[in-house]
Every structure is written in C-alpha cells, then in structure tokens.
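**Q** please work out how this folds:
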Amino acid sequence: MKTLVIGLDCAAPEILFHDERLANFRRLMEAGCYGRLESIVPPITVPAWMSMATSQDPGSLGVYGFRNRVDHSYSGLGVVNSRSIQELAIWDQVAREGKRAVIVGVPPCFPPRKVNGVSVGCFLTPDTTRDVYTHPASVAGRISNLVGEYPVDVKGFRTERKDWLKDEIYSMTRKHFAVIRDLLSATEWDYFQFVEIGLDRIQHGFWKHHDPLHVDHPAGSPYQDVIRDYYLYLDEEVGRILEMLDEETAVLVVSDHGAQRLDGGFCVNEWLVREGLLVLDEYPGAVTPFAKLPVNWGKTRVWSEGGYYARVFFNVKGREPDGVIDPGDYERFRDEMKARLEALAGPHGGNMGNLVYRAEEIYRNVRNVAPDLIVHFGGLHWRSIGGVGYPALHVRENDTGPDDCNHSQFGSFILAGAGVAPAGEVQGAHLLNMAPTLLELGGYDVPGSMQGAPLRRLAPAQAAAAGFSAGQEEIVRERLSGLGYIS
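**A** Below is the predicted model:
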C-alpha cells in the first residue's frame, strides 16, 4: 500500500472543515476521518513538521524553534537545518523496510535529506539557483526543465503590496504542484510527503481582511475573500492529485498548526529592562534589536528571544559565562518569573492570558539547551517583540513587518483511502499520532522511539548540526527575521 501526505502549513480547521465549496477535501472527510489536530508547544513550523515525522516532541528532538542556543554563551544561536535533527523519521523507517520515499519541502530540508528515494529542499534553502537543494542532485535539473527557477518561498512577503503578494504566492504554489505531480507520476515511491508553505504565507498576509474580529479588520476590503479563495484553489490542486492515485493509497491531509488573529506584540525585553531583570550599559535612543544592545551581563538575570512566542533564558552562575542567579535559587526564581509572566496585564487592563511552560513539564526529554521558560503571550494572540527602545510594552506594529496572524495550537487532519474506515470526526488527535498511524496503515513496524499512538485508538467525536556555510546561514537568518520567526 502507498501513502501520500499532503502537508498544508497553517491549515485552519475553522476554514478547511466548514467551507462547503471545498469539494475534494469534503470527499476525503466523508470517506475517512478528520478533526482538529493538537500541535506541539510551541506550534511553529520548525520543529512541528519533524515532530510529526518522528513522533517526538521538541524537547526530545532538542530543537525548540528556528534558532536554538548551541551552548550557554550569550551569542551562541544557530539556525536549524536538516542535520540538526537526527532522530528516526517515518521515511527512514520506510527505507529500513526496503521501500522508497519522496519528500518535498518538509522543513527543515536543507541540506536535502539523503532518503531512499528523492528529497527536495524546503523554504530554508538559501538559493535554488546556486545551492544543491535536491537528492539526488540531478533532480534539480528535472525541476528546472519543468518550471524554470524553483521558488521555495515568497521573498519579502511582509509587505503592504497585497496584489503583488497574492500573485507571487499563487505563482509559487503552481510551480510546487507542477513538480509534485511530476514526481508522483515519474518517480518510484511507497511514501510521498510534501508541504505547501503558500497557505501559511497568504494567511499571514491577509488574515485581517478575512477575520472580522481582527483589531485592524477593514470592512468591505477588496481582499476579504483572498484566503478562502486560496483554500478553494488548493482544493482544486488536491483534486488533480487524487485523480492520479489508485485505490491502494492512503491519503493524509495535515497541518503543523492552525491560524488566528494577531492583536499586536508584547515587548518582552523592554519589560525585563523596566523590571530591572535585564540591565543595559546604556538605554538605546531608538528601537534596537536585542543582538545589538549593550547588555551588562554581570547584572542581568533574564533575557528573551523574540518571535511568535518567547524563549526566556536565565543567567545562571556556573552555567552562563557571567551568571548571577545562584543554582540553589534557580527553581524558586523560575517559579517567581513564571508567576510574573502569567500575571501580566493587557493594554487595556485585565489579565493578558499568557501561557508559560517549563520544558521538563511538557516534554518527555529535554535535550540540548532548552529555554528556561516558553511563553505564549495572550495564547499567541500577541507575538513576542525582542527589541528595546519602545515607548510602550504593547505595540500594534510588528518588528518584522506587516503580519496579520499568529499560529494557533490546533491544526487539521483528514485521513482517508486504503485501510481507513469512514469514522467521521475524531476528537483528541495530536500531531505525534500521525507517524505511528501512517506506519501502521502501511504495514510497517512502529519504532519504539515514537511517542504517539496510532489514531485507531482515539474515539470518534460522535461517540465522545553544521549544514549552512556562513553566507548561507546569514541568508536564512535574514529570511527568518523577515518572516517573523525571529526578532
């Protein structure tokens, strides 16, 4: 039996399951099972797609976001790449049992993964015109002959040029699906997985026009249907793919997380400065990114990295170079900081609704250098702003450019095809359930390292390391900043 995984980055269940026009998605829903899919903490593209593929949480992978501390220094942040994650993925198990896989655009996939089959790089690929982004390398020539220059993302999509942005996303996605159809028909495969990043990009760019609850929603906007129309376009592309499959293929449509409105940003390092927890030699005269601040590490106790969520780090004696927090006081101090972050008020008073996590309480293992606390400001209705120099703690503008939405904790899944009974809506599904489910469906062994259980055990709802050169890493770092993943 073959397995096809259609990855739709950021697919929102509120749209995917309730738009009557999405005929092909609804056909799959009626033929199998579907439901909201709980993501990992944090619900972010990296590491979520690899958590899905390995059925291991971020702590067990040792990857907590796009950038991770490589050591306990103050500047040791490395951009994740395919070599950062060595744990056994579903396509590795397929290869162990003598079968072939094709993976396209599954982050992180640069350098391209050496699978038993074909792999094509994801949006972290610095430049497809200069870098080897496929395995085997010869596949790049085939792609070039088919679509010309292969776009892994829309450059500069944080923009107010909305007509341009819409056209660029569609152009990119059409090329992606042309390549996917070609690989489906011309390549030998038993397991095929791709991730389309265009849905994430169009929702970040147009969510305020779509969502009447958005703080900046413009009534009567000419862009109010852009997001729903893109879902309809994806439905049509999926329909073309389904026509290519035989009856012995299982199909999973899945997202790494969902989408929700973004109300603004909370200036976490600004707050830490005002609270005397982050000490600067000189306060900046203008808004300044954290990396360029003159931090007095001998007096600083806490700092944070910005992005869609906050990674909060403590300056601990014997762990950091100039640590000031006594190790014996660590747990008391962490409890205090957790309580203070949870008690923060919103811009108009009242509790902000922050969710604050300790790594060892949410992950089975905690590997590499984990944040001391992970914070979802306002349940991710607010992003984390890392710079200092703001006149207020709550800001409407974004430090990485225009952005209408953040990620939500629940994405989507639809499972249908060979071996899948028509069970309808399913409750309680988690991203970590997906790989064991697919392996079991395909007749493969489920590795003991996988943490999730096969989906059949859940109840129906009605029943109740080094991979980039210095230049390449700088390209990707700038791209991640522009995309809003880091600040």
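
**Q** tell me the domain ranges of the chain?
**A** 2-261+406-483, 264-397 (automatic domain parsing).

**Q** going by residue numbers, what spans are strands in the stretch 201-350 of the chain?
**A** 249-254, 258-261, 264-267, 302-305, 310-314 (DSSP state E, counting those that start in this stretch).

**Q** partner strands of the second one, with direction?
**A** By that I understand strand 258-261. Strand 258-261 pairs in its sheet with strand 405-408 (antiparallel), by DSSP bridges.

**Q** the last one now?
**A** Strand pairing for strand 310-314, using DSSP bridges, gives strand 302-305 (antiparallel), strand 373-376 (antiparallel).

**Q** quick check, distance from the first one to the centre of its chain.
**A** Averaging C-alpha positions (Cα atoms, centre = their mean, to the nearest Å) puts strand 302-305 21 Å from its chain's average.

**Q** contacts for that strand?
**A** Residues outside strand 302-305 that contact it (Cβ atoms under 8 Å, 6 or more residues apart in numbering) are 67, 77, 268-269, 272, 277-278, 290, 295, 310-315, 337, 375, 384, 386, 486-487. Quick note: C-beta positions are derived from backbone N, CA and C, even for glycine.

**Q** before we move on, back to that, among the strands paired with strand 310-314, show me which one is buried the most.
**A** Greatest average neighbour count among the strands paired with strand 310-314 goes to strand 302-305 (a mean of 24), per mean count of other Cβ atoms under 10 Å.

**Q** now that strand: mean pLDDT?
**A** Averaging pLDDT along strand 302-305 gives 96.

**Q** rewinding a little: make a ChimeraX selection of the buried ones in the contacts of strand 302-305.
**A** Of the contacts of strand 302-305, the buried ones go into a single ChimeraX selection, burial set by 16 or more other Cβ atoms under 10 Å:
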select :67,77,268,269,272,277,278,290,295,310,311,312,313,314,315,337,375,384,386,486,487
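
**Q** just to check, Arg21 is in contact with Tyr230?
**A** No - taking contacts as Cβ atoms under 8 Å, Arg21 lies outside contact range of Tyr230: 12.0 Å.

**Q** more crowded one of the two?
**A** Neighbour count, other Cβ atoms under 10 Å: between Arg21 and Tyr230, Tyr230 has more, with 21 against 11.

**Q** ok, back up a step: I'd like the strands of the stretch 201-350 of the chain laid out as TSV, including distance to His430.
**A** Formatted as TSV, the strands of the stretch 201-350 of the chain follow (distance: least, Cβ to Cβ, whole Å):
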stretch	distance to His430
strand 249-254	12
strand 258-261	14
strand 264-267	28
strand 302-305	26
strand 310-314	22
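
**Q** right, and those - which one's nearest Tyr363?
**A** strand 310-314 (13.8 Å; Cβ to Cβ).

**Q** for that closest one, give me every contacting residue.
**A** The contact list for strand 310-314 (Cβ under 8 Å, 6+ apart) reads 64-65, 69, 268, 301-305, 320, 325, 330, 333-334, 337, 341, 371-375, 377, 384.

**Q** if we can go back for a sec, got the strands paired with strand 310-314 as a markdown table, with distance to Ala345 columns?
**A** As requested, the strands paired with strand 310-314 are exported to a markdown table (distance: least, Cβ to Cβ, whole Å):
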| stretch | distance to Ala345 |
| --- | --- |
| strand 302-305 | 18 |
| strand 373-376 | 15 |
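
**Q** of all the ones you listed, which one is nearest Val226?
**A** Per Cβ to Cβ, nearest to Val226 of the strands paired with strand 310-314: strand 373-376, 26.9 Å.

**Q** and the pLDDT at the closest residue to Thr159 other than its chain neighbours?
**A** In space, and not counting its chain neighbours, Thr159 is closest to Leu165: 5.7 Å by Cβ to Cβ, 6 or more residues apart in numbering. Per-residue pLDDT puts Leu165 at 97.

**Q** any idea how far the strand or helix carrying Leu165 is from the chain center?
**A** Assigned by DSSP states H and E, Leu165 belongs to helix 162-186. Here helix 162-186 is found 20 Å from its chain centre; the criterion is Cα atoms, centre = their mean.

**Q** who touches it?
**A** Under Cβ under 8 Å, 6+ apart, the answer for helix 162-186 is 4, 102, 104-105, 118, 120, 142-143, 146-148, 150-151, 153-154, 157, 159, 189, 192, 194, 196, 198, 201-202, 205-206, 223, 226, 230, 233-234, 237, 240-241, 244.

**Q** thinking again about what came up before, of the strands of the stretch 201-350 of the chain, which approaches Gly32 most closely?
**A** Closest approach to Gly32 among those is made by strand 249-254 (8.0 Å; Cβ to Cβ).

**Q** and for Ser138, the neighbour number?
**A** The burial count for Ser138: 9, using other Cβ under 10 Å.

**Q** so who does it touch?
**A** Ser138 touches nothing, counting by Cβ under 8 Å, 6+ apart.

**Q** that one and Pro112, how far apart?
**A** 12 Å (Cβ to Cβ, to the nearest Å).

**Q** for Gly205, same thing?
**A** From Gly205 to Pro112 the distance is 28 Å (Cβ to Cβ).

**Q** between the two, which one's more packed in?
**A** Taking other Cβ under 10 Å, Gly205 and Pro112 do not tie; Gly205 has more neighbours (27 against 23).
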